[in-house]
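Engineer: coords below, sequence missing:
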């Protein structure tokens, strides 16, 4: 019965109970079911049938086995008060905006422009982001993990033009020469510190790295010492120290709320309370801007679920703090570029912008509001239909939600800049019309923009 339970620790358990947890390999998908805080004289686990198992922490004896929680949620009721409003679900902020605009009223009257909830702060060596509400944009497939050794070849694209216009060639930085994965990762850390985000730090050269190199030159006026290990180390020392550092796993890390898996189907997503991380390694990957598989490769013997384990992580430094006056969403480069009031580039992020089926906006728009840890409302009447889901669904917030942990709404209803549950795919896949960044890049941008600034979409 206990063999399917994921054990946080085997300390104090009888051999019969401790063995499964001790023999399970780190990162084994079959052991990712449940992770709970262990405290005091008892330990609590869940078996494969969802039953709650209470175990004496000292003797290892089972104290109680409780049936699964079968509480039913109260049905969600649409707020439809008049015949004119019957087309809209006024509980959904996006449909409410559409209704207000149709009736000639300002949808933002009396509403705060920025959610001012308390910010959660991670340790200084991590990149934290606060938690709040609402969001939009969609994703039809579930969470997928690419193999560790998969390359990131993705040639940069030139801007699209009409037949009679000369094509503006997007500059391409020279690719770094072939060298060790660690040297590439060091370069990625240096770019990340400067505000020229390479996306995930994974030790692979690719289009996101080359775009970041060009942005770095524009940000600093300097060229990075590609191929010169000593010069690269000197540049790292001048901007915060070595590219990697040791981090000791804490009780809070191990006790963080997790979900066993993230379902593909939106109807199943809506049944969850929170779309949390699926593992401690996924959580650390986001905190330290790293690809989850690369993190595991750097720490092959580490037990990520044990308090006190020392792991090697990227030393990414502090967030960009300069205030942004204008944002450019460059579809050709697949890059979001943020400028200050003097027109100087202050940050650049790799991005996924729209697709052929659901193109992104054109022209110039404004930031309307900013939300942290947003919920997502699925409405097949307004957007795409996913599977057999034909009703409005409220999908809970969390880093594995369809819009990740950030929603920067534009004044064009249902469009915005947001995070993603799949950071390794940024710049390499398509979105449903919005501007998608990694969660940490979206969080950094959300803290340096304000409602009312312009967002320009260029080809």
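Structural biologist: Happy to help now that I have it. Predicted model, so just to flag it, every value in this text is computed and none were measured.

Engineer: Could you measure from residue 235 over to residue 371?
Structural biologist: The spacing between residue 235 and residue 371, counted by Cβ to Cβ, to the nearest Å, is 36 Å. In short, each C-beta sits where N, CA and C put it, glycine included.

Engineer: any idea which element residue 447 lies in?
Structural biologist: Assigned by DSSP states H and E, residue 447 belongs to helix 439-448.

Engineer: For that helix, give me every contacting residue.
Structural biologist: 127-130, 197, 199, 286, 289, 319-324, 327, 336, 338, 346-347, 349-350, 370, 372, 399, 404-406, 408, 417-420, 423, 437 (Cβ atoms under 8 Å, 6 or more residues apart in numbering).

Engineer: ok and the longest strand seen in the chain relative to helix 439-448, angle-wise?
Structural biologist: Counting by DSSP state E, the longest strand found in the chain is strand 363-372. Calculated by axes from the mean of the first three to the mean of the last three Cα atoms, to 10 degrees, strand 363-372 forms an angle of 100 degrees with helix 439-448.

Engineer: and the chain, what are its domains?
Structural biologist: 1-69, 90-170+243-312+320-459 (automatic domain parsing).

Engineer: which stretch in these is the model least sure about?
Structural biologist: Across the domains of the chain, domain 1-69 has the smallest mean pLDDT, namely a mean of 58.

Engineer: And residue 235 and residue 371? Which one has more around it.
Structural biologist: residue 371 (26 against 18; other Cβ atoms under 10 Å).

Engineer: On the strand side of things, show who that one bridges to.
Structural biologist: residue 407 (DSSP bridges).

Engineer: that older thread, the following helix or strand past the longest strand of the chain: partners in the sheet, and parallel or antiparallel?
Structural biologist: Per DSSP H and E, the first helix or strand lying C-terminal to strand 363-372 is strand 376-378. Strand pairing for strand 376-378, using DSSP bridges, gives strand 393-395 (antiparallel).

Engineer: Please identify the buried residues of the strand it pairs with?
Structural biologist: Using 16 or more other Cβ atoms under 10 Å as the test for burial, strand 393-395 gives 393, 395.

Engineer: go on, stretch 225-236?
Structural biologist: 226, 232, 233, 235, 236.

Engineer: Look at the first one and tell me its secondary structure.
Structural biologist: Okay, so that is residue 226. coil (DSSP: H, G, I helix; E, B strand; the rest coil).

Engineer: these two touch, right, it and residue 187?
Structural biologist: Yes: applying Cβ atoms under 8 Å, one finds residue 226 in contact with residue 187, separated by 7.1 Å.

Engineer: elements contacting the helix or strand that the helix holding residue 447 is followed by?
Structural biologist: For helix 439-448, the following helix or strand on the C-terminal side (DSSP H and E) is strand 454-458. The criterion is 3 or more Cβ pairs under 8 Å, 6 or more residues apart in numbering; DSSP states H and E, and the helices and strands that strand 454-458 contacts are strand 326-330, strand 363-372.

Engineer: Looking at the contacts of helix 439-448, which are in strands?
Structural biologist: 327, 336, 338, 346-347, 349-350, 370, 372, 406, 408, 417-418.

Engineer: For residue 263, state which of these is nearest.
Structural biologist: residue 418 (20.2 Å; Cβ to Cβ).

Engineer: Name the nearest residue to the closest one, sequence neighbours excluded.
Structural biologist: Take residue 418 and drop its neighbours on the chain: the residue closest to it by Cβ to Cβ, 6 or more residues apart in numbering is residue 403, 4.0 Å away.
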